[in-house]
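Trainee: how would this look folded up:
(2 chains)
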Amino acid sequence: MNATSRLNLQAGFVSVAILLVMLAIWHFATLPSSGAAATGLTPEQIEYQKMLGKDPTKGAKANNGFPTLTQMRETVVRNLASPFYDNGPNDKGIGIQLGHSLLRVALGFGIAALVAIPLGFVIGMSPLMYRALDPFIQVLKPISPLAWMPLALYTIKDSSISGIFVIFICSVWPMLLNTAFGVANVRREWLNVAKTLEVPPMRTAFEVILPAAAPTIVTGMRISMGIAWLVIVAAEMLVGGTGIGYFVWNEWNNLSLTNVIFAILVIGVVGMALDMLFARLQKVLSYVE
Amino acid sequence: MSSDDFLRVEGLAKTYPGSVEPVFDSVNFGIAKGEFVCIIGHSGCGKTTILNVLAGLEQASAGHVFMDRREIAGPSLERGVVFQGHALMPWLSVRKNIAFAVRSKWPDWSAQKVDAQVEKYVNLVGLSSAIDKKPSALSGGMKQRVGIARAFAIEPKMLLLDEPFGALDALTRGTIQDELLRICAETHQTVFMITHDVDEAILLADRILLMSNGPQARVAEIVRNTMSRDRQRATLHHDPQFYRVRNHLVDFLVARSKELSHGRAPTTPPEVTPGLSGDEPPSAEIIPFQPHHGARQ
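Mentor: Numbers count the residues shown, from 1 in each chain, chains lettered A, B, ... in the order given. All right, here's what the predicted structure looks like:
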């Protein structure tokens, strides 16, 4: 126990050190190359530019290169200070955009779970259904979720629901396959115990098969959630309107790289949080034989 | 075998798909109420299949099993099963594992009543201190005790044990054998048990069914345990009678079980009483195969 906590502490120090090194590299790579000389303008031209309201000595780095750490910090502070502002369709706070994305993922993922887990149960219990549905699953599984987008947009005619559909269609397969696998591989002994105790089928399903297969099912859910979070960004870039993916696209159009970088960080952190949520669930439901 | 046997097995046979010769056939025996019967035979003679048929988990190819004059068709709460590998559900504590069985038998019992029943049987196997532990926190012997408590807790009319102590070390095995003997004596339980251990059979069983080798295995002989009912594990091996019974069993397993394979064993097994009939050799000697036992080709 003591050894593990010491290892954790050491690992934490190394992590912080790596972060500092990366930030330092960023900082030195984006140092402004000394003002006027780099712009190649005569002092008169600089004076003229200043009168036009564009200070070439100040703006050089913003226009020519990657944002500096200072600019990045300003953006982060500004975004975190008011995450929920709403100045019309193209200017919403990061919190609102994130909320839209999370809602879409929750809906698409939730519907997928409602379909995949019961269907996976049926497939896992019945070798016949497994064989009958296998060709469909094998063909549909490898399709990139975004390939569904045109079809979804055409048939559903609503970009927001199309986004949810895409999340649904990409979340459904890992959950379906893992549920079927988990259910099919429940130890025979446990089923025999239930049989000799004359436990009715529904009670066996909920009290024996479900807890026995739960770790496998949650693993499938965790994979699905990972994919859903990957896909939502791409889908929102295509569909537009709201969401963290649209935010990235919009800020790219605004050429605001600091906002793009900030959004990338947010996507990473939220993705990690979602994964940790399922990791926690996995830990609760897993058992040692 | 008399018609008032509690359990009767008649002409039981099992042929697995794809094989010509049955694993066993013409298996006939009976078990009286309150009797402890062990079945011994080499691997592959179909002991576990017979037990699974009695449990209702497997279908025989031919033959019938009657319990209490009713034919067995499918699993029933009247027969408790202790599985070879304890078969506890690892996500449930000991308490909940046994409560699962108790609630299956008496679905309309209150939570307190279920809990009282659970505690009574956990107490019986001496595991009260571990009642809220998960099976993974228990030793092999403790897990098997929980398995036994679960089977007893539904108060079945008959107990089926599939080599319950096979995976345990000798010391643990001895302790649990004593416990099982005590509980069975207290509850007058009817027991059918598979074992590979000749000494275990002599200690526990009133009668021992000897199976010939497969294919076409049969219950070739029934040995009545001629030792006194109050035999103890600690003093068992001091009794000369113990060796007479033991030699008889070992001789059967070493020599005769092979000769009696392929249906050469009698369909109606004779009941023998080693050491009492007077013709038993006192020391270990190979008993020659006797065709007049009624073997049929």
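
Trainee: Return the residues in contact with the residue of the stretch 1-150 of chain A found nearest chain B.
Mentor: Across the stretch 1-150 of chain A, no residue is closer to chain B than A:Pro127, which sits at 16.0 Å (Cβ to the nearest Cβ). All C-beta atoms are positioned from the backbone trio N, CA, C, and that covers glycine. Neighbouring residues of A:Pro127 by Cβ atoms under 8 Å, 6 or more residues apart in numbering or on different chains: there are none.

Trainee: count of neighbours near the closest residue to B:Leu124 other than its chain neighbours?
Mentor: What sits nearest to B:Leu124 in space, not counting adjacent residues and going by Cβ to Cβ, 6 or more residues apart in numbering or on different chains, is B:Ile183, at 6.0 Å. Other residues lying near B:Ile183 total 18 when counted by other Cβ atoms under 10 Å in any protein chain shown.

Trainee: List the contacts of A:Thr216.
Mentor: Applying Cβ under 8 Å, 6+ apart, we find A:Thr216 in contact with A:Asn178, A:Thr179, A:Phe181, A:Gly182, A:Asn185.

Trainee: that's a helix at the third one, yeah?
Mentor: Yes - counting by DSSP: H, G, I helix; E, B strand; the rest coil, A:Phe181 is located in a helix.

Trainee: what about the closest residue to it other than its chain neighbours, helix or strand, and which?
Mentor: Nearest residue to A:Phe181 in three dimensions, chain neighbours excluded: A:Thr216, at 6.1 Å (Cβ to Cβ, 6+ apart). Using DSSP states H and E, the element containing A:Thr216 is helix A:210-239.

Trainee: Once you drop chain neighbours, what's closest to the residue most central in space within chain B?
Mentor: Chain B has B:Met193 as the residue nearest its centroid, 0.6 Å off, counting by Cα atoms, centre = their mean. Spatial nearest neighbour of B:Met193, chain neighbours left out: B:Leu161 (4.0 Å); criterion: Cβ to Cβ, 6+ apart.

Trainee: Verify the stated contact: that neighbour with B:Val82.
Mentor: Yes - counting by Cβ atoms under 8 Å, B:Leu161 does reach B:Val82; the two are 4.5 Å apart.

Trainee: For the two, list the residues in contact with both.
Mentor: By Cβ under 8 Å, 6+ apart, the residues touching both B:Leu161 and B:Val82 are B:Ala151.

Trainee: just to revisit the earlier point, highest neighbour count among the contacts of A:Thr216?
Mentor: In the contacts of A:Thr216, the most neighbours by other Cβ under 10 Å go to A:Thr179, 27 neighbours.

Trainee: so who does the spatially closest residue to it that is not a sequence neighbour touch?
Mentor: Excluding the flanking residues, the one nearest A:Thr179 by Cβ to Cβ, 6+ apart is A:Gly120, at 2.6 Å. If you count contacts by Cβ under 8 Å, 6+ apart, A:Gly120 has them with A:Met175, A:Leu176, A:Leu177, A:Asn178, A:Thr179, A:Ala180, A:Gly182, A:Val183, A:Ile217.

Trainee: how about a cut-off of 10 Å?
Mentor: Counting by Cβ atoms under 10 Å, 6 or more residues apart in numbering or on different chains, A:Gly120 touches A:113, A:172, A:175-184, A:213, A:216-217, A:220.

Trainee: what's the farthest-apart pair in those residues?
Mentor: A:Ala113 and A:Ala184 (18.9 Å; Cβ to Cβ).

Trainee: can you tell me which helix in the chain is longest?
Mentor: Picking chain A for this. Longest helix in chain A, counting residues (DSSP state H): helix A:94-125.

Trainee: My question was about chain B, not that one.
Mentor: helix B:170-187.

Trainee: Leaving out the residues flanking it, which one is nearest to the residue nearest the centre of chain A?
Mentor: By Cα atoms, centre = their mean, chain A has its centre lying nearest to A:Trp229, at 2.7 Å. Excluding the flanking residues, the one nearest A:Trp229 by Cβ to Cβ, 6+ apart is A:Gly271, at 4.7 Å.

Trainee: Ok, B:Glu179 next?
Mentor: B:Val125 (6.2 Å).

Trainee: which residues does the one you found contact?
Mentor: B:94, B:98, B:142, B:144-150, B:152-153, B:176, B:179-180, B:183.

Trainee: And the strands in chain B?
Mentor: Secondary structure of chain B (DSSP state E): strands at B:7-14, B:24-31, B:36-40, B:62-67, B:70-71, B:79-82, B:158-162, B:190-194, B:207-211, B:219-224, B:271-272.

Trainee: worst average pLDDT in those strands?
Mentor: Ranked by mean pLDDT, the strands of chain B end with strand B:271-272 at the bottom, a mean of 87.

Trainee: Show me what it packs onto, helices and strands only.
Mentor: The contact analysis (3 or more Cβ pairs under 10 Å, 6 or more residues apart in numbering or on different chains; DSSP states H and E) places strand B:271-272 against strand B:207-211, strand B:219-224.

Trainee: Can you report how many residues neighbour the closest residue in space to A:Phe121 that isn't next to it in sequence?
Mentor: Leaving out its chain neighbours, the residue that sits closest to A:Phe121 by Cβ to Cβ, 6+ apart is A:Val183, at 5.5 Å. By other Cβ under 10 Å, the residues close to A:Val183 number 23.

Trainee: Same question for B:Leu51.
Mentor: 22.

Trainee: what do you get for A:Gln45?
Mentor: 13.

Trainee: I'd like the mean pLDDT over whatever helix or strand it lives in, please.
Mentor: Applying DSSP H and E as the criterion places A:Gln45 in helix A:43-51. Summarised as a single mean, pLDDT over helix A:43-51 is 76.

Trainee: chain center to that helix: distance?
Mentor: Average the C-alpha atoms of helix A:43-51, do the same for its chain, and the two points are 47 Å apart (Cα atoms, centre = their mean, to the nearest Å).

Trainee: B:Leu51 contacts B:Ile194, correct?
Mentor: Yes - using Cβ atoms under 10 Å, B:Leu51 is in contact with B:Ile194, at 5.8 Å.

Trainee: intersection of neighbour lists for these two?
Mentor: With Cβ under 10 Å, 6+ apart, B:Leu51 and B:Ile194 have common neighbours B:Ile39, B:Gln84, B:Leu160, B:Leu161, B:Asp162, B:Glu163.

Trainee: returning to that earlier point: can you pull the buried residues of the helix holding A:Gln45?
Mentor: Using 16 or more other Cβ atoms under 10 Å in any protein chain shown as the test for burial, helix A:43-51 gives A:Ile46, A:Gln49.
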